[in-house]
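Trainee: show me how the following folds:
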Amino acid sequence: MRSAAIAFAAVFAAGLAALLAVGLTHGSDLVYSPGVSPANPATVLEPGSRACQGPIQSPGGAAFDRVGFPIDPPERPARVEVRDARSDRRLASGRLTGGYADVGTVRTRAALSLCLINDGEDPITVLGQAGVASPTTTGSVDGTDVDADFAVTLRTGERSLIALAPDIAERASLFRASWISPLVYLILGLAIIAGAPLLLARGLGRAAAADRDA
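Mentor: Alright, predicted model coming up:
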């Protein structure tokens, strides 16, 4: 029994160390996405025209400093603007390079419109999907709604999975019963990580005791 307990403790410690290593070394720079894939041409944007997707709200008003707005061909000159969805006031802007625009740090709980302006002399294909891809947001061109959603994203510096855990719990708590808070999700997650091995150890102990009695 003692050797089994030692072996179990060693395996549990190794598994916990591996979990922590993954959580610390793997992460994401994604702050928000409306769930639109850059899989297809969504619209063709003529020179001087503007394509927007909104209203989009950063979860909890989390800060972001880059906006993803994939186009084809990716090297065409274009500019991204972050605008207040209600007043249409411009909050930030940046040149599009490689599908992303550095717009400086933006931290707001306001609903936003993310817009792409074709600054070149040739048409640009904006990538996305059909208009049902993001039911809570709408794509538009020059102020007119179109049957397309654009694959926009809000991004910031990469954060580890452990650092993202509170944000993950907060977003998960949006789809739950009213009594479940982000703290409850974190407690449940820790209980699963620590409780499952303890229950397994208890089962092994009872099995060993039963073998001795037999």
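Trainee: for the protein, just list every one of the helices.
Mentor: For the chain, the helices defined by DSSP state H cover 2-25, 161-172, 182-213.
Trainee: ok, and the helix or strand in this protein with the lowest average confidence?
Mentor: Ranking every helix and strand in the chain by mean pLDDT, DSSP states H and E puts helix 2-25 at the bottom, with a mean of 50.
Trainee: burial measure for the nearest residue to Arg86 once chain neighbours are set aside, as a count.
Mentor: Nearest residue to Arg86, sequence neighbours excluded (CB to CB, 6 or more residues apart in numbering): Ala111, at 6.6 Å. Every C-beta, even on glycine, is put in place using the N, C-alpha and C of the backbone. When neighbours are counted by other CB atoms under 10 Å, Ala111 registers 14.
Trainee: please renumber so the chain begins at 46
Mentor: That works, and once the first residue is 46, the last one we named lands at Ala156.
Trainee: what residue ranges in this protein score low on pLDDT?
Mentor: Scanning the chain for pLDDT under 70 picks out 46-73, 203-231, 233-235, 237-259.
Trainee: can you rerun that using 50?
Mentor: 61, 63-71, 205, 208, 219-220 (pLDDT under 50).
Trainee: okay, now the domains of it?
Mentor: Per automatic domain parsing, the structural domains of the chain span 47-71+206-258, 74-202.
Trainee: do you know how far Ile162 is from Arg152?
Mentor: Going from Ile162 to Arg152 by CB to CB, to the nearest Å gives 23 Å.
Trainee: more neighbours: which of these two?
Mentor: Taking other CB under 10 Å, Ile162 and Arg152 do not tie; Ile162 has more neighbours (20 against 10).
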